[in-house]
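Colleague: the sequence and its predicted three-dimensional model are supplied below.
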Amino acid sequence: MCGIIAVIHADPRSQSAAVEIHDALYLLQHRGQDAAGIVTCAAGGRFYQCKGNGMASRVFNDGARVSELPGFMGLGHLRYPTAGSSANSEAQPFYVNSPYGVCLAHNGNLINAPELRKYLDQDAHRHINTESDSELMLNVFANELNETGKARVNAEDCFAALERMYTQCVGGWACTAMLAGFGLIGFRDPYGIRPMVLGWRPSESGSGTDYMMASESVALVQCGYREFKDILPGQAVIIEKGKEPVFRQVHPQKGYSPDIFEYVYFARPDTIIDGIDVDESRRNMGFKLAETIKRQLGPALAEVDVVMPIPETSITSALCVAEALGKPYCQGFVKNRYIFRTFIMPSQKLRQKGVRAKLNPMRKKFEGKNVLLVDDSIVRGTTSREIVLMAREAGAKKVYFTSCAPPITNAHIYGIDLASSSELIAHHRESAAIAELIGADDVIYQTLPDLIEACASLSPRDPATQQFEVGVFCGKYVTPVADDYFERLERIRGEAKKMKVMESARDAVIHGVADQKQIRMAAKGVEVDHDGNVIPASDDTNPGNAEQNVVNGVGAQQSGNGNGCSSCSSSNGGASGNGNGNGESSRRSSTEMVRRTASQDISLHNLNDHA
Ligand SMILES: O=P(O)(O)OC[C@H]1O[C@H](OP(=O)(O)OP(=O)(O)O)[C@H](O)[C@@H]1O
Ligand SMILES: NC(=O)CC[C@H](N)C(=O)O
């Protein structure tokens, strides 16, 4: 899951778009902790960007870097990777200089990335410099814009380019884009899987209206945009500088199915997505879960002494569970406010460590008690296993673990990197086996119809027909999915894991703390093709000039100063580049093959002696 933001001020002399985007990124930080970025556009159509790995405070140096980003409009992004890798070079927004200078920030996931990559290579002849699906989407759009053949485009041209792009991309997306000197564009997939809302307010100078687009309404409200509307499925909006927004259905609406996981876990409670209040939906989840608990526990319910939330997301629901069961509610775990969301941490080890660092049980609340714990969801079981153990260590007699979401049995494919199916604790397992695995006396899940009802009953559309994307709970996804997609996904995730091990080995060498095994591993390198197949390190494929450029840390026609924080000017011609230019060399792209060789990263750092 990622967070996206776009701002355009009425006054083209305004220099404060970045200040506002920066504020908004803090409000959406929960949506992505791996990378952050801002691109602004100032007078003369020049782009300025600062992006890189880390949370917003780190990337923007606690705000100090925002002053380097002048301009009246811009985009912001927070990344939680679902495709490609977590390399610096995949931080967003992405940029291409041709045609016109276009930037894009994407929340979602494309499920036909290999086909798009092939098309961009063989038909469109566009260089793709990373493994990111978002870079592919930007290039498909840029390629369609290029088809106009004009020196300058208008809104009609942009809508037409989007219409063509929608026929090529499959998956979930909410995107903001910016055309140098022209204005902003926002668009959402034909099912409305990923959220996006547009807000407006009178400008400070009184000369017109300022606009902001964001993944969640909380960002708009906190930045003073009190009026807002959701972008509809398949709809796009264009806000040219100095003009009113223009809306267009660029693709027939194929449904209205927001991802239900936004309500379960992802979004902040003070957000409204597609007219459904997230906090209210979590209250409903609590009341409905209580009914299932009554049914499943039967007379054993009398033994429950206390209901406890697993902070933070489940607090609202746990209060309602306690109320409905007529049991005392008690916060037995104290959350360390300096540890962030553990679920979206990039590795299992980090997540496990994160749980203990994040939650601390207060012994007195557990000693001699039968506790009923309420969590929003159980994904891999990392959190629940540790928590049950902590509750028992703190003296609990019986521990019942309950989940506001149904068992998660299938991979998420539209922008939330839940896990490979095989890592999901409920994949091919019944509750009894899950209880045993996490060490609980019983595990109780919400039913899928109850979860749907908890959210649908709040919909401003007809609650009876309101649909949601619920593929993770039943394997039925809203878009068609190619037969081999999951096989490919598993393979890519498996390889991504291997790459992470390689990357830690490389980092250990760079920082001089590698053991012999890591030095050997980093020296050997791993090469992977686009399907995730490992290619022997000795393979002597000639990847051509594109590779050479990236090995030197400067992709052709890229702008960027090589330190993850760069300013770049728009260009009106020449080959496209994605403007990441940050010296990240471990992802080298020729057209058919990616060669990832850790030993070459090391040579960049003059460390090949270690190898
Ligand atoms: O089964 P698992 O793989 O352990 O994942 C599920 C857990 O991850 C989340 O916690 P997180 O710390 O991310 O978030 P929160 O504090 O916002 O609830 C979520 O609330 C569950 O507790
Ligand atoms: N979580 C997301 O929305 C990720 C966006 C995009 N697929 C990426 O991996 O960068």
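Modeller: Perfect, thanks for sending it. Just so we're clear, the structure is a prediction, and the values are computed from it rather than from any experiment. Ligands and ions are numbered 1, 2, ... in the order given.
Colleague: E227 contacts L198, doesn't it?
Modeller: No - assessed by C-beta atoms under 8 Å, E227 is found out of contact with L198, at 9.4 Å. For glycine as for every other residue, the C-beta is placed from the backbone atoms N, C-alpha and C.
Colleague: give me the more crowded residue out of those two.
Modeller: L198 (23 against 11; other C-beta atoms under 10 Å).
Colleague: what bridges to that one?
Modeller: Counting by DSSP bridges, L198 is bridged to M213, K229.
Colleague: any idea of the pLDDT on the residue in the stretch 401-550 of the chain that ligand 2 sits nearest to?
Modeller: Nearest residue of the stretch 401-550 of the chain to ligand 2: G415, at 3.9 Å (C-beta to the nearest ligand atom). G415 is assigned 80 on the pLDDT scale.
Colleague: cool, and P258?
Modeller: For P258, the predicted pLDDT is 98.
Colleague: for it, which residues are in contact?
Modeller: 192-193, 195, 273-274, 276, 468-469 (C-beta atoms under 8 Å, 6 or more residues apart in numbering).
Colleague: angles on the backbone of V399, please.
Modeller: Phi and psi for V399, reported as degrees, to the nearest 10, are phi -130, psi 110.
Colleague: test my guess that it contacts V388.
Modeller: Yes - judged on C-beta under 8 Å, V399 makes contact with V388 at a distance of 5.1 Å.
Colleague: what's the overlap in contacts for the two?
Modeller: With C-beta under 8 Å, 6+ apart as the test, V399 and V388 both reach 373, 439-440.
Colleague: tell me the residues of this protein that contact ligand 1?
Modeller: Contact residues (C-beta under 6 Å from any ligand atom) of the chain with ligand 1: 265, 310-313, 341-344, 375-384.
Colleague: list buried residues within the residues you listed.
Modeller: 265, 310-313, 341-344, 375-384 (16 or more other C-beta atoms under 10 Å).
Colleague: could you report the neighbour count for the spatially closest residue to C474 that is not a sequence neighbour?
Modeller: Using C-beta to C-beta, 6 or more residues apart in numbering and skipping the chain neighbours, the partner closest in space to C474 is L448 (6.5 Å). Neighbourhood size, L448 [other C-beta under 10 Å]: 16.
Colleague: rewinding a little: near ligand 2, from the buried ones among the residues of the chain next to ligand 1?
Modeller: Within those, nothing lies near ligand 2 by C-beta under 6 Å from any ligand atom.
Colleague: which ones among these map onto helices?
Modeller: 382-384 (DSSP state H).
Colleague: in the stretch 1-150 of the chain, what residue lies closest to ligand 1?
Modeller: Closest point on the stretch 1-150 of the chain to ligand 1, by C-beta to the nearest ligand atom, is H30, at 6.8 Å.
Colleague: how far away is that residue from A214?
Modeller: 13 Å (C-beta to C-beta, to the nearest Å).
Colleague: can you flag which of the buried ones among the residues of the chain next to ligand 1 belong to strands?
Modeller: Residues of these located in strands (DSSP state E): D375.
Colleague: could I get the average pLDDT for stretch 491-508?
Modeller: 67.
Colleague: out of H30 and A214, which sits in the busier spot?
Modeller: Neighbours per residue (other C-beta under 10 Å) separate H30 from A214, with A214 holding more: 33 against 22.
Colleague: residues contacting that one?
Modeller: Taking C-beta under 8 Å, 6+ apart, we find A214 in contact with 3-6, 24, 28, 196-197, 199, 220.
Colleague: how about the nearest residue to the residue of the chain found nearest ligand 2, chain neighbours excluded?
Modeller: The minimum distance from the chain to ligand 2, using C-beta to the nearest ligand atom, falls at C2 (3.4 Å). In this structure, C2 finds its nearest non-sequential neighbour in N107, 4.2 Å apart by C-beta to C-beta, 6+ apart.
Colleague: and that neighbour, that one's in a helix?
Modeller: No - under DSSP: H, G, I helix; E, B strand; the rest coil, N107 falls outside any helix and is assigned strand.
Colleague: which residues does the strand or helix carrying A24 contact?
Modeller: When secondary structure is defined by DSSP states H and E, A24 falls within helix 17-27. The contact list for helix 17-27, computed with C-beta under 8 Å, 6+ apart, reads 3, 5-9, 36, 38, 40, 48, 56-57, 60, 63, 66, 69-76, 78, 212, 214, 216, 218-219, 222-223, 268.
Colleague: returning to that earlier point: okay, the residue of the chain closest to ligand 2: pLDDT?
Modeller: Reported pLDDT for C2: 95.
Colleague: how close does it get to S207?
Modeller: For C2, the distance to S207 - C-beta to C-beta - is 33 Å.
Colleague: those two: which is more packed in?
Modeller: C2 (27 against 12).
Colleague: thought that one was touching G415?
Modeller: Yes - contact criterion C-beta under 8 Å: C2 and G415 qualify, at 7.0 Å.
Colleague: spell out which residues are contacts of both of the two.
Modeller: Counting by C-beta under 8 Å, 6+ apart, the residues touching both C2 and G415 are 107-108.
Colleague: PyMOL command to pick out the buried ones of the contacts of helix 17-27?
Modeller: Command for PyMOL that selects the buried part of the contacts of helix 17-27, burial taken from 16+ other C-beta under 10 Å:
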select buried, resi 3+5+6+7+8+9+36+38+40+48+56+60+66+69+70+71+72+73+74+75+76+78+212+214+216+218+219+223+268
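Colleague: sort out which of the contacts of helix 17-27 are in helices and list them.
Modeller: 56-57, 218-219, 222.
Colleague: would you point out the most distant pair within the residues you listed?
Modeller: S57 and V218 (18.3 Å; C-beta to C-beta).
Colleague: surely L110 meets C175?
Modeller: No - when contacts are counted by C-beta under 8 Å, L110 is not listed as touching C175 (10.9 Å).
Colleague: neighbour count: the two, which is higher?
Modeller: Taking neighbours as other C-beta under 10 Å, L110 and C175 compare with C175 leading, 30 against 27.
Colleague: give me the three-state assignment for the more buried one.
Modeller: strand.
Colleague: can you tell me who it pairs with across the strands?
Modeller: Going by DSSP bridges, C175 forms beta bridges with H106, F187.
Colleague: identify the residues contacting it.
Modeller: Applying C-beta under 8 Å, 6+ apart, the residues near C175 are 4, 104-108, 137, 185-188, 196.
Colleague: looking at those residues, which one is closest to D462?
Modeller: Using C-beta to C-beta, the contacts of C175 come closest to D462 at R188, 20.2 Å.
Colleague: how many neighbours does the closest one have?
Modeller: R188 sits with 28 neighbouring residues when counted by other C-beta under 10 Å.
Colleague: I'd say it and P233 touch.
Modeller: Yes - in this structure, R188 is within contact of P233 by C-beta under 8 Å, at 6.0 Å.
Colleague: can you get me a residue count around the closest residue in space to I416 that isn't next to it in sequence?
Modeller: In this structure, I416 finds its nearest non-sequential neighbour in M1, 4.9 Å apart by C-beta to C-beta, 6+ apart. Neighbours of M1 under the rule other C-beta under 10 Å: 29.
Colleague: so M1 touches R341, yeah?
Modeller: No - counting by C-beta under 8 Å, M1 does not reach R341; the two are 10.2 Å apart.
Colleague: for G471, give its distance to G208.
Modeller: For G471 relative to G208 (C-beta to C-beta), the value is 42 Å.
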